[in-house]
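A.B. asks: Next come a sequence and a model predicted from it.
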Amino acid sequence: MAIATESQQAQVQAAATDAVAAAAVGRKVVDEVSGWLRVFDDGTVDRTWTGPPEALPLMQPVPAYAEPRDGHTLHDLPGEPNLRVYLPEVALAGRRLPVVVQLHGGGFCISHPSWLMYHHFYARLACALPAVVVAVELPLAPERRLPAHIDTGVDGLRRLRSIALSDAAALGDPAAELLRTAADFSRVFLIGDSSGGNLVHHVGARVGEDGADSWAPLRVAGGIPLHPGFVHATRSKSELEPRPDSVFFTLDMLDKFLAMALPEGATKDHPYTCPMGPNAPPLESVPLPPLLVAVAEHDLIRDTNLEYCDALRAAGKDVEVLVNRGMSHSFYLNKYAVDMDPATGERTRELVDAIKSFVDRH
């Protein structure tokens, strides 16, 4: 993990001071996820980071750039929803590439696709595959609960389809035209980190229910849930195993984020978080694309991830499973561990290679 600068430490201290000041002027904190967010009694939410300052660099936004860096360019496409697009230089040379649509994690409650933790991995993925990577900016709970995130994921695909069907004059945006000419829209792959992995399942199912004709020329060729947030209302064995504290994923975060994100009154047995459970449609009836599911060996929710994979197999679905040996939840997003720890770097390389193989075969 990087060492925070004095400026970053000052930001954290200022955030903590602001939270105290907010309470002093009459707002009361009614719910809190340590370090990540505070919900006030007037319904407002403060997501200023107040946890350990050394984690702050991973949450810094990376601005877009039209001049190539490390083999790609990065473009923002404002709209409904906002999109962020990574274009490898081979695409700029006229080669059409598959499209990887990223649905970011954060327990449905925090994070943004511009953060460094996502940027370093998805920029690398764009060049390694190579592929056009399109990150969708998702709504956040508790202001917008599920299924808003699923709806926005589907809307992101609709926006891609609209770009595919448009001509340059109609688009009116050079970055959108670059995307239109670079992308092979018949090979779209959904990828999602953590809660974004849940969205891969549900967005893929929505597209499957609509049927191929209604989405042409766009076709979802596969889905890649990475450490998806699938759980039960009761604790699994892996959730109860002792493990080192992490600011990025704890049982308290899991419980509180899902309570804020699920429909009012729902438990974690809801189909949004337990698609393999008795409250969900039988998986045999769910039209899913081929899937590559990554499971971290030391993940809190390892056992329910594996249960999901077993249920897919039992339902006759096309599913491959990659177990990230010795790794914890979303390890590949920690740029500093990837760069400095040989084991994390190697497991990340294996993950990228597995994603490339899966995309190449579909």
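C.D. replies: Here it is on my side, so go on.

A.B. asks: show me what contacts the spatially most central residue of the chain?
C.D. replies: The residue lying closest to the centre of the chain (Cα atoms, centre = their mean) is residue 104, at 2.0 Å. Contact analysis of residue 104 by Cβ atoms under 8 Å, 6 or more residues apart in numbering lists 111-113, 118, 135-136, 138, 192-193, 196. Where you see a C-beta, it was placed from the backbone N, CA and C, and this is true even at glycine.

A.B. asks: hmm, try it at 10 Å
C.D. replies: Residue 104 sits next to 84, 110-115, 117-118, 122, 135-138, 149, 191-196, 199, 333 when contact means Cβ atoms under 10 Å, 6 or more residues apart in numbering.

A.B. asks: among those residues, which are in strands?
C.D. replies: Those of these mapping onto strands are 84, 135-136, 191-193, per DSSP state E.

A.B. asks: Redo those residues as TSV? Include pLDDT.
C.D. replies: Shown next, in TSV, are the ones in strands among the contacts of residue 104 (pLDDT from 0 to 100):
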residue	pLDDT
84	98
135	98
136	98
191	98
192	98
193	97
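
A.B. asks: just those now: which is nearest residue 233?
C.D. replies: residue 192 (22.2 Å; Cβ to Cβ).

A.B. asks: This structure: strands as residue ranges?
C.D. replies: 29-33, 37-40, 45-46, 65-69, 72-77, 83-88, 97-103, 132-136, 183-193, 220-226, 291-296, 319-324.

A.B. asks: can those strands go into a markdown table with extra columns for distance to residue 285?
C.D. replies: Below are these laid out as a markdown table (distance: least, Cβ to Cβ, whole Å):
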| stretch | distance to residue 285 |
| --- | --- |
| strand 29-33 | 35 |
| strand 37-40 | 36 |
| strand 45-46 | 37 |
| strand 65-69 | 45 |
| strand 72-77 | 35 |
| strand 83-88 | 31 |
| strand 97-103 | 23 |
| strand 132-136 | 26 |
| strand 183-193 | 20 |
| strand 220-226 | 17 |
| strand 291-296 | 16 |
| strand 319-324 | 16 |
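
A.B. asks: Looking at those, spot the one closest to residue 208.
C.D. replies: Among the strands of the chain, strand 220-226 comes nearest to residue 208, with 7.6 Å by Cβ to Cβ.

A.B. asks: Sheet partners, orientation included, of the closest one?
C.D. replies: strand 183-193 (parallel), strand 291-296 (parallel) (DSSP bridges).

A.B. asks: Tell me the gap between the shortest one and the middle of its chain.
C.D. replies: Mean C-alpha position of strand 291-296 versus that of the full chain (Cα atoms, centre = their mean, to the nearest Å) differs by 13 Å.

A.B. asks: repeat for stretch 223-239
C.D. replies: 15 Å.

A.B. asks: First-to-last residue distance for that stretch?
C.D. replies: Terminal residues of stretch 223-239 are spaced 25 Å apart (Cα to Cα, to the nearest Å).

A.B. asks: sorry, back to before: okay, the ones in strands among the contacts of residue 104 in CSV with distance to residue 325 next?
C.D. replies: Putting the ones in strands among the contacts of residue 104 into CSV (distance: Cβ to Cβ, whole Å) gives the following:
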residue, distance to residue 325
84, 31
135, 28
136, 30
191, 21
192, 22
193, 19
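
A.B. asks: which one of those residues sits closest to residue 278?
C.D. replies: Looking across the ones in strands among the contacts of residue 104 and measuring by Cβ to Cβ, the closest to residue 278 is residue 192, at 24.0 Å.
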